[in-house]
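Q: structure of the sequence below:
(one chain, ligands or ions: 1)
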Amino acid sequence: MNIIVVGGAGFLGSHLCDALVRKGDRVLCIDNLITGNKENVVHLVKSRNFIFIEEDIITCEVEKKLLFTPDIVFHLASPASPKDYVKFPIETLLVNSIGTKKCLDLCLKTGAKFLFTSTSEVYGDPLTSPQKEDYWGNVNPIGPRSMYDEAKRFGEAITMAYHKKYGIKTYLPRIFNTYGPRMRLDDGRVIPNFISQAIKGEPLTVYGDGKQTRSFCYVDDLIRGLLMLVESNYHMPVNLGNPEEFTILELAEKIRNITRTNIQIEFLPPLPDDPRKRKPDIELAKNLLGWEPTINLDDGLTKTLSYYTGKTS
Ligand code: UDP
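A: Here you go, the predicted structure:
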């Protein structure tokens, strides 16, 4: 198949490009490298089935660059860590709004399917747990995370509008916290932060009391879920994530065990509007796609740590 991956040089995007090239698809990867890194796809550039274009999807004249008619457009181009989207608020709002419209118009012209990577952040600081797809969320529209949360909510809305108005085949995975090799160690998220702190022997920084929870999905499981979703005929949102829930303190303990260190925990002030709980209900993905994660947190953290300490590539 012919695939466009917008944001293909980022953490998730590059793993998606790997999986697509591996199964024999032709991939056009577009990324402006605002938070992505060419290093993530440099090994693919050798393949004649992979083309990389360094451009912003908003200004890119995609149709002029197309060597093929796309079958699917995957839109993963967005800063995704709180540190990054706070640094790039306008870019985050625009790539998920104008960038999404651009992708949808391309799909309308070419007949391609469209997958928009939504997020658990559409649930905000949820008042119910676990979160099911029919929960509408508890989001502060002008809060410190609003540039991401509201941009992703708009992205869902415009994707659904094109689906309803024009019948485009669209997909709305809501991706929960995902981790693995190629996350930037300085991207500010909790797993890369803890890993880089542990490697340097520095204290693990826990924001607030550390009793807030997250559920962490290993990247390979997540990519498998995205590929299964685009094979389906389901156009409503689908949660993809690992339902095993941990407090941030439990995560810190796991990092200490895996790195066999006894580094201290340093408690820092809580972040404003930091969701207290996050845990996906994945019954829909299980029933619809037969998908569920297979890699538990200990194994995933061990693989991730090996990548950063250079024990595997
Ligand atoms: N967190 C932390 N220490 C860090 C980084 C993050 O305690 O060094 C906490 C953060 O406050 C949040 C959770 O870990 O409650 C997950 O944060 P992350 O930035 O990874 O992603 P989020 O799920 O908030 O988008």
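Q: what is the neighbour count of the closest residue to the ligand within the stretch 1-150 of the chain?
A: Nearest to the ligand in the stretch 1-150 of the chain, going by Cβ to the nearest ligand atom, is residue 82, at a distance of 4.8 Å. (Each C-beta comes from the backbone N, C-alpha and C, glycine too.) Residue 82: 19 surrounding residues under other Cβ atoms under 10 Å.
Q: excluding chain neighbours, what is closest to residue 189?
A: Of all residues not flanking residue 189 in the chain, residue 81 sits nearest, at 4.7 Å (Cβ to Cβ, 6 or more residues apart in numbering).
Q: what do you get for residue 76?
A: Residue 76 sits nearest to residue 7 (Cβ to Cβ, 6+ apart), 3.8 Å away.
Q: also residue 126?
A: residue 138 (5.8 Å).
Q: my guess is the one you found contacts residue 129. True?
A: No. Residue 138 is beyond contact range of residue 129, at 11.3 Å (criterion: Cβ atoms under 8 Å).
Q: give me phi/psi at residue 75?
A: Main-chain dihedrals, residue 75, degrees, to the nearest 10: phi -110, psi 100.
Q: that one and residue 99 touch, don't they?
A: Yes. Contact criterion Cβ under 8 Å: residue 75 and residue 99 qualify, at 6.9 Å.
Q: who touches both of the two?
A: Residues within reach of residue 75 and of residue 99 at once, by Cβ atoms under 8 Å, 6 or more residues apart in numbering, are 6, 57.
Q: coming back round to it: what about the residue nearest to residue 76, neighbour count?
A: For residue 7, the neighbour count with other Cβ under 10 Å is 28.
Q: with residue 164 instead?
A: When counting by other Cβ under 10 Å, one arrives at 11 neighbours for residue 164.
Q: near the ligand, which residues of the chain?
A: Residues of the chain lying close to the ligand (Cβ under 6 Å from any ligand atom) are 81-82, 177, 188-190, 193, 205-207, 212, 214, 248, 271, 274.
Q: report the contact partners of residue 4.
A: By Cβ under 8 Å, 6+ apart, the contact list for residue 4 reads 27, 28, 29, 30, 62, 70, 72, 73, 74, 103, 106, 112.
Q: just send those residues back as TSV, with neighbour count and pLDDT too.
A: As requested, the contacts of residue 4 are exported to TSV (neighbours: other Cβ atoms under 10 Å; pLDDT from 0 to 100):
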residue	neighbour count	pLDDT
27	25	98
28	23	97
29	30	98
30	26	98
62	20	91
70	24	98
72	20	98
73	26	98
74	29	98
103	28	98
106	19	97
112	22	98
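Q: so which of those residues are in strands?
A: When the contacts of residue 4 are checked against strands (DSSP state E), the matches are 27, 28, 29, 30, 72, 73, 74.
Q: give the contact list for the fifth one.
A: Contact analysis of residue 72 by Cβ under 8 Å, 6+ apart lists 1, 3, 4, 112, 113, 114, 115, 230.
Q: just the buried residues of the residues you listed.
A: Burial by neighbour count, 16 or more other Cβ atoms under 10 Å: within the contacts of residue 72 this picks out 3, 4, 112, 113, 114, 115, 230.
Q: hey, where'd the strands end up in the stretch 201-313 of the chain?
A: Applying DSSP state E, counting those that start in this stretch to the stretch 201-313 of the chain gives strands spanning 204-207, 213-215, 217-218, 237-240, 245-247, 265-268.
Q: surely residue 96 and residue 152 touch.
A: Yes. Counting by Cβ under 8 Å, residue 96 does reach residue 152; the two are 5.8 Å apart.
Q: which neighbours do the two share?
A: Residues touching both residue 96 and residue 152 comprise residue 78, with contact defined as Cβ under 8 Å, 6+ apart.
Q: next one: phi and psi at the residue nearest to residue 126?
A: phi -130, psi 80.
Q: worst-scoring helix or strand of the protein, pLDDT-wise?
A: Least confident helix or strand of the chain, by mean pLDDT, DSSP states H and E, is helix 62-65 with a mean of 89.
Q: elements contacting that one?
A: Under the contact definition 3 or more Cβ pairs under 8 Å, 6 or more residues apart in numbering; DSSP states H and E, helix 62-65 sits against helix 89-110.
Q: now what about the helix it packs on, what contacts it?
A: Under the criterion Cβ under 8 Å, 6+ apart, residues 4, 6, 34, 56-58, 62-63, 69-70, 73, 75, 77-79, 84-85, 112-114, 116, 147-148, 150-152, 154-155, 158-159, 162, 166, 168, 170 lie in contact with helix 89-110.
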